[in-house]
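A.B. asks: Sequence first, predicted coordinates after that:
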Amino acid sequence: MRALILVFVLALPSFAHAQSVAEPRSWTATPFLNVTFGTSGDTSTSSLGLGGAFGYDWTANLGFEGEIGHVFDIQGDSDNIDWSLTTFSANVVYHFDVRRVTPYATAGLGWQRSGVDVDPVDPAENTVPAVGSDTEVTFNFGGGVKHRLSSNVLARGDLRRFQANDLSPDHWRLYGGITFVLRR
């Protein structure tokens, strides 16, 4: 038992040096580029997109952020279908205290707007292309890592799953971004 206490006491200072890159009571802005894949069971296509997040780190561990993301065409291999997605979400972010990089977990709730534009397969048919859109409630969950590049700039990588409630497609999103820390 004494050996266990001694190991704990000797290890305690190393845990104290591990701290999150999130700064309490600070605002952040993160523009990002993303790849969306695994769309409603179809893992053969991936699509590019972009977005941005604006957050508030309440403590070194707990933060909140709002984000918007847009995917240009989730059916990128098809010449006849253009299917875009736009997500709006409010998320809770929990930062873990680890050295060098800060892993985090996140979950959120929001809306997903899906827009479909279908061209006719045979132009000689003289038909009007199908156009449609849908807005649904969606939730997301995932995580990522942040790494400090300078006092006010962080590199960020994130993987999330988006689940829509009805017709809008579910999908995975992998993104990389640069977070700018805006002081309070």
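C.D. replies: Noted; the coordinates are in hand.
A.B. asks: Quick check on Gly143: phi, psi?
C.D. replies: When read as degrees, to the nearest 10, the backbone of Gly143 gives phi -170, psi -180.
A.B. asks: residue contacts, it?
C.D. replies: Gly143 is in contact with Pro103, Tyr104, Ala105, Thr106, Asp158, Leu159, Arg160, counting by Cβ atoms under 8 Å, 6 or more residues apart in numbering. Quick note: C-beta positions are derived from backbone N, CA and C, even for glycine.
A.B. asks: Of the residues you listed, select the buried ones using a ChimeraX command.
C.D. replies: Selecting only the buried entries of the contacts of Gly143 in ChimeraX, with 16 or more other Cβ atoms under 10 Å as the criterion:
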select :104,106,158,160
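A.B. asks: Strands - which of the contacts of Gly143 land there?
C.D. replies: Residues of the contacts of Gly143 located in strands (DSSP state E): Pro103, Tyr104, Ala105, Thr106, Asp158, Leu159, Arg160.
A.B. asks: ok, the first one to Val137 distance?
C.D. replies: In this structure, Pro103 lies at 28 Å from Val137, with Cβ to Cβ, to the nearest Å as the measure.
A.B. asks: How about the fifth one?
C.D. replies: Taking Cβ to Cβ as the criterion, Asp158 is separated from Val137 by 21 Å.
A.B. asks: likewise the third one?
C.D. replies: The gap separating Ala105 from Val137 is 21 Å, by Cβ to Cβ.
A.B. asks: one step back: output the contacts of Gly143 as a markdown table; include the columns pLDDT.
C.D. replies: Shown next, in a markdown table, are the contacts of Gly143 (pLDDT from 0 to 100):
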| residue | pLDDT |
| --- | --- |
| Pro103 | 97 |
| Tyr104 | 97 |
| Ala105 | 98 |
| Thr106 | 97 |
| Asp158 | 96 |
| Leu159 | 97 |
| Arg160 | 96 |
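A.B. asks: All good on my end, thank you.
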